[in-house]
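Q: sequence first, then the predicted structure, then my questions.
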Amino acid sequence: MSSSSPAKLPILPLAHPSILLPGSRITQSIPESVAQALLSLIESADALPVVAAVPVASDTSSALAPFGCAARILRLVRPPGNRRNSRQSYLLTLHGLTRVRLPATFTLDPDSVLSSSEVQYPDNPKDAPPRKVIETFKSSAHRLLDRLAQDSGQQIRRDGYSKISAMLDDVTDAARVASMADILVGTVNASFADKLAILSTTDPEARLSVAAEIFSKLASISEVTSKIATQVEESVYKQQKEHFLRQQLAAIHKELQSLSGPGNLVNGQGSSELDDDEQHEADDLADLKRRIEAMEPGSEERKMGVREWRRLKRIPQGSVENGVIRSYLEWLTAIPWPNSAADAPRAITDRSFLAAAREQLDADHFGLDKIKKRLIEYLAVVRLKELNAERERRAAAALTPPPKVEQKPAKADSKDGKPKAMPPPTPKPMRRSVKGPILLFVGPPGTGKTSLGQSIAKALDRPFQRISLGGVRDEGEIRGHRRTYVASGPGLIVQALRKAGRCDPVFLLDEIDKIGGSNFHGDPSAALLEVLDPEQNHTFNDHYINVPVDLSQVLFICTANSLETISGPLLDRCEVVQLSGYTYDEKMHIARRFLLPKQLKQNGMDADHVQITQPALMTIATRYTREAGVRSLERAIGAVARYKAVEWAEHVDMDGLAASSTSYSPIVEDSELEGILGIARWDPEEREREERRGVVYGLVVMGQGEGGILPVETIAVPGSGRLKLTGSLGEVIKESGEIALSWVKTHAYDLCLTETRLQDPLKGIDVHLHLPQGAQKKDGPSAGVAMTCAFVSLLTGARVPTNIAMTGEITLRGRVTPVGGIKEKVLGAHRAQISKVILPWANRKDVEHDVAPEIQRAMEFVFVRTVNEALEAAFGKNTLVWRNGLGGPMLMESRL
Ligand SMILES: Nc1ncnc2c1ncn2[C@@H]1O[C@H](COP(=O)(O)OP(=O)(O)OP(=O)(O)O)[C@@H](O)[C@H]1O
């Protein structure tokens, strides 16, 4: 850059941030002293005078910028008369001509007004700026002008920007394009710094580049600003619209309410507490927020809660999605998470805990000594683990330094939903590991499985929840359904956890033998496996909640009626505790001590109002019910109590309370039972048990785990020696039938059924074997002895007395092998008033250990090793005719 043609011009400082560019105009107010100096300049000059308008470089000092603009004075306006003395009262309009440079040595004299100084006019270079630079400049200028035209609300402004745009196109002279840059930068809303940069750039090519940059920057800012403005506008519009519609809705409701008459108005003011739902809504939301804030900082559940809370805030109220998120958050915050305050430890560590637990079990249940012993062992293990965990916790607490006093508690999320910075987390207390093995109570209905579970919960002082799994076919019932499903919700486990309100309850998983296996709804028993597995259940995944739920503190107890349908892996995780049913003696005690008082209380009576005699109670147990447990017995006692309640109420109503109660007798005699409970279901003489050829009684355990007797019926029909089996028999029991018949055929000659050893005893006949009680599926190896006896009875004509029942399996060689369920079977036989039981020799120990002494005394047990011994025990000594060693028949006493 070269400088030439120095000239002397009066220097006019422009107050910051005013700046004048060549080709532009500016109007400024100036103090009177400056105006006077300018006026004298105007008067002394021939034409309109020129001054150098120099900007003040910053607002902090009065130093001038090194460049200014030579400007012609266009106008100087004197203020009206009354304001003549005020400062800055003159208005000066200047027109910028060309840029000037102040000498480096120039300093402004504060005392002189409008001092003159030498200035230099920078030379224009000979070469015009290159085309490319001009193109870039023009396109960025067009982009900015278009943007400004778009953004401006007034038509006149839009027209102005379009005209400038057209003018720019018209300028083809490369030398003039640089002055266009000055004019445009002066026109658009460029900053002081940008304008100063343009003023200080004397080289036209460089000036075009700087101007292009400024235009691009301004266009981008304008674009972003207008985008944000549109977004804000849209959201405000949406909110306004929603608010407006809600107002309208409220108004419509109000109108409708007033139309439906004053009957609906409460307090005569036309509004009820039901209308005040906005307040409730706000309260509910505040409550929800509080509960999210109370969650453990940094935990998965809290993160999920915060995320969903933010979504809830974004979604308009009343929408379906809003409801879905609300109910999800209700669930999420209602689950007792491990840190929840309700998680109070209890006196399990007390020295008296086990004694108290024993008392509790005795107070709730009669008998069941072995089971109670097992439960006390179980509780002792739970207690020991708790004590160990406690000790470890203390040791860990002693090692970790105490938290600093100034540390503030975890702060809630801020109003805008953004989590505030968390203080460093305090060390987490170690999780208590109070797990014992998972108990599985197996036994017939009504034997106290559920109530034992309740007693354990009471002893541990933990909430008890019963989860019924009978008939659960869908995995979703255990694990919950994903939120994408309509009306989805959490599964049974999470529901129970919420009801329990603590994270360490006792859960009784009832009837796990009735849970469905794998099907197209998933595999519920596989889901149960995850629940019960201590390795996995600290991160149980409920599909609805979708945050790992810790079940490691939950004590699980399962119940089942039989073990047969429980899947192997599930059984593997449980420790089986067998309950077998009660003897009549035990039932009498349970009825007197527990069932009768309970039923009297439930029916508003007491022991003075109803007294059931011992024979009457025995009759209820033996003739009105015949079950392993005591549920029907309890029901029957309840029916007696209700009957007496009606009698008592009628008596009181008629005679008044003061009247003598001679007409009302609290005693319930044996003879009255038929009038109260109807005809007894079971006949004491067991008439239906007829002693017949080909029929014997076997012993079975039914599907519910209940023991009983089962007739084995056989008949001979014309045929060709085949065996026909009916009665819903399984494979194993069918095989028992085949083996029994083969044994009889092999020994037909010895039993004098045939003349020669090779003769078939079934010549011309088929044997049909039937096990009645039709619909029940029967299987299992225990009917071999009974079937053999039935075949022998059929073919020889000898009969087995009906007071005899038998169980045991046989081999082809005629040995009797042991079977299971002896206790249940013997109890069932006792209930059915069987007096003699034939059992395998190997089951002797089971009877000695498991069968109550009073039953052992009341019944005769015959233990047999071979089929021959069994036949002798069944038919009686010397009843059957056995061929003697010489081949002739050995005549014996016959019952034919
Ligand atoms: N040994 C007992 N002492 C006192 N009451 C008992 C005893 N056994 C059972 N009961 C009572 O019998 C009733 C039925 O018992 P419970 O409901 O526990 O049976 P359950 O074995 O769970 O039956 P289900 O297999 O059908 O679920 C309860 O009222 C219970 O208190």
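A: Good, I have the coordinates.
Q: okay, the residue of the chain found nearest the ligand: pLDDT?
A: For the chain, the residue closest to the ligand is G448, as judged by Cβ to the nearest ligand atom, at 2.7 Å. (Glycine included, C-beta is placed from N, CA and C.) On pLDDT, G448 comes in at 88.
Q: relative to F441, how far out is the closest residue to S567 other than its chain neighbours?
A: Ranked by Cβ to Cβ, 6 or more residues apart in numbering and with sequence neighbours excluded, the top spatial neighbour of S567 is S525, at 5.2 Å. Distance from S525 to F441, counting by Cβ to Cβ, to the nearest Å: 18 Å.
Q: the two: who's more crowded?
A: F441 (24 against 20; other Cβ atoms under 10 Å).
Q: does the more buried one touch K449 like I think?
A: Yes: if you go by Cβ atoms under 8 Å, F441 and K449 touch, sitting 3.9 Å apart.
Q: which neighbours do the two share?
A: 559, 579 (Cβ atoms under 8 Å, 6 or more residues apart in numbering).
Q: mind saving the C-alpha coords of the helix or strand hosting L528 as CSV?
A: For L528, the host element (DSSP states H and E) is helix 524-532. Provided in CSV are the C-alpha atoms of helix 524-532 (Å, rounded to 0.1, in the frame of the first residue of the first chain):
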residue,chain,number,x,y,z
PRO,A,524,-43.3,-69.9,33.3
SER,A,525,-41.3,-72.6,35.2
ALA,A,526,-38.1,-71.3,33.6
ALA,A,527,-38.9,-67.8,34.8
LEU,A,528,-39.5,-69.3,38.3
LEU,A,529,-36.1,-70.8,38.1
GLU,A,530,-34.6,-67.4,37.8
VAL,A,531,-36.6,-66.2,40.7
LEU,A,532,-35.4,-69.0,42.9
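Q: how about the residues of the protein that lie near the ligand?
A: By Cβ under 6 Å from any ligand atom, the residues of the chain that approach the ligand are 365-368, 445-451, 510, 559, 561, 590, 594, 629-631, 634.
Q: in helices only, show me the residues you listed.
A: Those of the residues of the chain next to the ligand mapping onto helices are 449-451, 590, 631, 634, per DSSP state H.
Q: make a ChimeraX selection of the buried ones in the residues you listed.
A: Buried residues among these (16 or more other Cβ atoms under 10 Å), as a ChimeraX selection:
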select :449,450,590,631,634
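Q: which among the ones in helices among the residues of the chain next to the ligand gets closest to E301?
A: T450 (31.7 Å; Cβ to Cβ).
Q: ok, the closest one to N322 distance?
A: Here the criterion is Cβ to Cβ. By it, T450 lies 41 Å from N322.
Q: and D46, how far from A7?
A: 16 Å.
Q: kindly report the same for G629.
A: 122 Å.
Q: please say which of the two ends up with more neighbours.
A: G629 (24 against 13).
Q: residue contacts, the more buried one?
A: G629 touches 443-448, 581-582, counting by Cβ under 8 Å, 6+ apart.
Q: try it again with 10 Å
A: 443-449, 579-582, 587, 590, 704-706 (Cβ atoms under 10 Å, 6 or more residues apart in numbering).
Q: now E860
A: Taking Cβ under 10 Å, 6+ apart, one finds 803-804, 834-838, 873 in contact with E860.
Q: buried residues in the helix or strand where V717 lies, which are they?
A: Using DSSP H and E, V717 sits in strand 707-718. By neighbour count on 16+ other Cβ under 10 Å, the buried set for strand 707-718 is 707-716.
Q: and for stretch 130-138?
A: For stretch 130-138, by 16+ other Cβ under 10 Å, it's 133-134, 136-138.
Q: and that stretch, C-alpha only, in CSV?
A: Provided in CSV are the C-alpha atoms of stretch 130-138 (Å, rounded to 0.1, in the frame of the first residue of the first chain):
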residue,chain,number,x,y,z
PRO,A,130,-9.5,-11.0,-9.2
ARG,A,131,-12.9,-12.3,-10.5
LYS,A,132,-13.0,-15.1,-8.0
VAL,A,133,-12.8,-12.7,-5.1
ILE,A,134,-15.5,-10.6,-6.6
GLU,A,135,-17.8,-13.6,-7.2
THR,A,136,-17.3,-14.8,-3.6
PHE,A,137,-18.1,-11.4,-2.3
LYS,A,138,-21.2,-11.0,-4.4
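Q: how far does it sit from its chain's centre?
A: 66 Å (Cα atoms, centre = their mean, to the nearest Å).
Q: going by residue numbers, what spans are strands in the stretch 101-250 of the chain?
A: 116-122 (DSSP state E, counting those that start in this stretch).
Q: contacts for stretch 212-231, please.
A: Applying Cβ under 10 Å, 6+ apart, the set of residues contacting stretch 212-231 is 133-148, 150-151, 181, 184-185, 188-191, 193-195, 197-198.
Q: who's in contact with the residue at minimal distance from the centre of the chain?
A: By Cα atoms, centre = their mean, the mean C-alpha position of the chain lies nearest to I545, the distance being 3.6 Å. I545 is in contact with 301, 304, 328, 331-332, 335, 479-480, 483, 489-491, 494, 497, counting by Cβ under 10 Å, 6+ apart.
Q: picking that back up, any idea which of the buried residues of stretch 130-138 is closest to I315?
A: T136 (47.4 Å).
Q: measure the closest one to E213 for me?
A: In terms of Cβ to Cβ, T136 sits 9 Å off from E213.
Q: and what of L532?
A: Taking Cβ to Cβ, one finds L532 at 71 Å from E213.
Q: neighbour-wise, which of these two wins?
A: L532 (23 against 15).
Q: wait, that one sits on I467?
A: No: with contacts defined as Cβ atoms under 10 Å, L532 does not count as touching I467, sitting 11.9 Å away.
Q: intersection of neighbour lists for those two?
A: What both L532 and I467 touch, as defined by Cβ under 10 Å, 6+ apart, is the set 507, 509, 512, 556, 558.
Q: what is the neighbour count of the residue lying closest to the second one once chain neighbours are set aside?
A: Once its chain neighbours are removed from consideration, L509 has its nearest residue in C558; the separation is 4.5 Å (Cβ to Cβ, 6+ apart). C558 has 30 neighbours, counted by other Cβ under 10 Å.
Q: name whatever forms a beta bridge with C558.
A: When assigned by DSSP bridges, C558 has beta-bridge partners L440, L509.
Q: ok, now which ones touch it?
A: Counted by Cβ under 10 Å, 6+ apart, C558 has contacts 438-442, 449, 453, 467, 469, 507-513, 528, 532, 566, 570-571, 573-577.
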